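> Attaching a predicted model along with its sequence, questions to come.
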There are 2 protein chains.
Amino acid sequence: MPTERHTSAAVEDYLERILELINTKGYARVVDIAQSLKISQASVTNMIQRLDTEGLLKYEKYRGLALTTAGEALALNITRRHQLLTDFLKLLGLDDEVIYHDVEGMEHHISPPTLRAIEALTQQLQRQPALLAKVRKQTDEN
Amino acid sequence: MPTERHTSAAVEDYLERILELINTKGYARVVDIAQSLKISQASVTNMIQRLDTEGLLKYEKYRGLALTTAGEALALNITRRHQLLTDFLKLLGLDDEVIYHDVEGMEHHISPPTLRAIEALTQQLQRQPALLAKVRKQTDEN
DNA sequence: CAAGAAAGTTAGTTGAAACTAACTTTCTTT
DNA sequence: AAAGAAAGTTAGTTTCAACTAACTTTCTTG
């Protein structure tokens, strides 16, 4: 069996951000990750070295990093989950700042079954604009 | 203005469990809280002393504790949020263990606006059994 | 190409919240 | 009421993931 993963919320945040940086800038340097996560460079260096030993990325000191296959697969899952939750909350008419904040916090605690259910729900809701209008109205009233 | 609260996830878990114990057994002793949260008695003693200094409960060494008005208000909010999330996931047809686990993790990260939206959505969904059936079916297929 | 700036690293510290071990207080049972 | 059990407390340790300060490497630019 493949090696057991015990990824913490912090590890997930790093992987998610690294993938995002790679997708947008083509690379992810320590300084970029630090700015993006709003933590110090030293903390990033530490975590990256740990992710390297855990086989989630390959790091060459002072030079750069690349996600391994395992790391990329994990990062893609995390990103997909983040996007799905964002889409769902967006559908409910919430503000972008609220969505960002809440997704950032809760994403690490959503299991695959729950994610599947929210995915299905989101799809169905997209075909029910009248229902969504009611939900949004009722939300704003309180 | 009332004193600012900076309640961590841990604090919220304690308050939630304490209120639950008080509601079910009539009191909450250190040993009960420890068993219920699956942590050591020593950890509970520490946290309770902290919650006392923070004014969320009144503690008499070796004797017992009671929530203050502030503590109870907070605990009630936390409990309500927990219940709402549980109801919502229940509606989607998820298993009780999954629900318990996910709610336990995500409850601390849901802001009031998001909670209101989920509340409204839950209410509307309860009137849409056909839609819910579709969601459940689609969830199980994947 | 040398010097200063930017980026990266190391070492040691901090804070939250758990832990164990040893001790004290309270409760229970005879 | 005394002894043993149960409950509670204290002190000190551990882990995670941040931090700062000091240092090294790499990049940039005059």
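Right, received. Where do you want to start? Residues are numbered from 1 along each chain as shown, chains lettered A, B, ... in the order given.
> going forward, measure contacts between C-alpha atoms and count neighbours the same way
Will do.
> pLDDT score assigned to A:L21?
As predicted, A:L21 sits at a pLDDT of 97.
> Who's the closest spatial neighbour of it, skipping the chain neighbours?
Leaving out its chain neighbours, the residue that sits closest to A:L21 by CA to CA, 6 or more residues apart in numbering or on different chains is A:A28, at 5.4 Å.
> neighbours around the nearest residue to A:G93 once chain neighbours are set aside, how many?
Leaving aside its chain neighbours, A:G93 sits nearest to A:R136 (5.9 Å; criterion: CA to CA, 6+ apart). A:R136 sits with 18 neighbouring residues when counted by other CA atoms under 10 Å in any protein chain shown.
> buried stuff in the helix or strand that contains A:R136?
Following DSSP states H and E, one finds A:R136 within helix A:129-141. Neighbour counts over helix A:129-141 (16 or more other CA atoms under 10 Å in any protein chain shown) mark A:131-132, A:135-136, A:138-139 as buried.
> ok, now stretch A:70-84?
Neighbour-count burial for stretch A:70-84 flags A:71-72, A:74-76, A:78-79, A:81-82, A:84 (criterion: 16+ other CA under 10 Å).
> Just those residues: which are in helices?
Among those, the members falling in helices (DSSP state H) are A:71-72, A:74-76, A:78-79, A:81-82, A:84.
> between the residues you listed, which is closest to B:I110?
Set against B:I110, the nearest of those by CA to CA is A:H82 (14.6 Å).
> Show me where chain A has its helices.
A:9-25, A:30-37, A:41-53, A:69-91, A:96-106, A:112-126, A:129-141.
> For A:A117, state which of the buried residues of stretch A:70-84 is nearest.
A:L84 (10.8 Å).
> In space, what's closest to the closest one - neighbours in sequence excluded?
Counting by CA to CA, 6+ apart, A:L84 lies nearest to A:E119, which is 6.7 Å off, once chain neighbours are set aside.
> Count the neighbours of the one you found for me.
With other CA under 10 Å as criterion, A:E119 counts 20.
> and chain A, which residues reach DNA strand C?
Counting by CA under 7 Å from any atom of the strand, chain A comes close to DNA strand C at A:29-32, A:41-43, A:45-46, A:60-64.
> A:A34 against A:N46, yeah?
No: here A:A34 does not reach A:N46: they are 11.4 Å apart, not a contact under CA atoms under 8 Å.
> hang on, the earlier thing: against A:E54, how distant is the residue nearest to A:L21?
According to CA to CA, to the nearest Å, A:A28 stands 18 Å off from A:E54.
> just A:D102 next, same as before
Counting by CA to CA - A:D102 and A:E54 are separated by 28 Å.
> Same drill for these two, tell me which one is more crowded.
When A:D102 and A:E54 are compared for neighbours, A:D102 comes out ahead with 21 against 14, by other CA under 10 Å.
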